[in-house]
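Asker: Sequence first, then the predicted structure, then my questions.
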Amino acid sequence: MSGAAFDTRLSALRKALRKSGAPRSDHPGPVTNRMEAAVAMVVRGEPQLDFLLIKRATSERDPWSGQMALPGGRWERTDSGLLHTARRETMEETRVNLEIHGSPLGRLEDVTPSSTRLPPMRIAPFIFGVPAGTEAEVASPEVQSVHWIPLDVLRAPETSTDVRIQLPGLDKRFPSYHVIGEHVWGLTHRILTAFLDLYPS
């Protein structure tokens, strides 16, 4: 069992997730045209709890090109379930081995894109605890950088703002969290907001 399991703050988070009513199964849905995916919110048991964000590399093939995101990606048929997907993708992108060092704490409600510009998909967000001192690094050409963000920074009122997104056929403002000089918006913003609603302090 990971040392993260003995952090009382992470134990409290596990209890909150169990009471949340989020899905317990990690199996993808029936085979449809919808993509199944999973992301990992990795919470590290430092004196000030922090969590892992990545900045995606710029790529014309990636609909989330250049955005701040949680580690994760699409379910593959070789994955035993969506929990496996979250662990595998985190390892491939950041070298954080959640199989060895991570304690699965629970799952948030699934999210789906509200924009028709994105492919139809369902994303399962899983929460993991890892011990203090856990390191992450860029481990994939799909990732530009990795960052540990204190939860207190995310909760700070001045972090909540909005961002103007201009793309072909789109010019709109979206709610965001402004951290390390970057805006976290879209699906990742929704997942982080759901987390803070569940575990505000």
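Answerer: Looks like it arrived, so ask away.

Asker: List the contacts of the lowest-mean-pLDDT helix or strand in the chain.
Answerer: Ranked by mean pLDDT, DSSP states H and E, the helix or strand of the chain with the weakest confidence is strand 160-167, at a mean of 88. Residues outside strand 160-167 that contact it (CB atoms under 8 Å, 6 or more residues apart in numbering) are Arg117, Asp171, Lys172, Arg173, Phe174, Pro175, Ser176, Tyr177, His178, His183, Trp185. Any C-beta I mention is one placed from the backbone N, CA and C, and that applies to glycine too.

Asker: Repeat the analysis, applying 6 Å as the threshold.
Answerer: Residues from elsewhere that reach strand 160-167, judged by CB atoms under 6 Å, 6 or more residues apart in numbering: Lys172, Arg173, Phe174, Pro175, Ser176, His178, His183, Trp185.

Asker: Kindly indicate which of those lies nearest Met68.
Answerer: His183 (7.1 Å; CB to CB).

Asker: Now for the closest one, how many residues are close by?
Answerer: Other residues near His183 come to 19 when the count uses other CB atoms under 10 Å.

Asker: strand partners of the strand or helix carrying it, parallel vs antiparallel please.
Answerer: Assigned by DSSP states H and E, His183 belongs to strand 182-185. Using DSSP bridges, strand 182-185 pairs in its sheet with strand 170-179 (antiparallel).

Asker: and the partner strand, which residues are buried?
Answerer: Under the neighbour-count criterion of 16 or more other CB atoms under 10 Å, strand 170-179 has Ser176, Tyr177, His178, Val179 buried.

Asker: For the third one, give its distance to Tyr199.
Answerer: To tie it back to what came earlier, the one meant is His178. 21 Å (CB to CB, to the nearest Å).

Asker: which parts of the strand holding His183 are buried?
Answerer: Glu182, His183, Val184, Trp185.

Asker: can you redo those as a markdown table with pLDDT and distance to Phe195?
Answerer: Output for these, formatted as a markdown table (pLDDT from 0 to 100; distance: CB to CB, whole Å):
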| residue | pLDDT | distance to Phe195 |
| --- | --- | --- |
| Glu182 | 95 | 18 |
| His183 | 95 | 18 |
| Val184 | 96 | 12 |
| Trp185 | 94 | 15 |
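
Asker: got JSON lines for those, with distance to Thr8 too?
Answerer: As requested, the buried residues of strand 182-185 are exported to JSON lines (distance: CB to CB, whole Å):
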{"residue": "Glu182", "distance to Thr8": "31"}
{"residue": "His183", "distance to Thr8": "33"}
{"residue": "Val184", "distance to Thr8": "28"}
{"residue": "Trp185", "distance to Thr8": "32"}
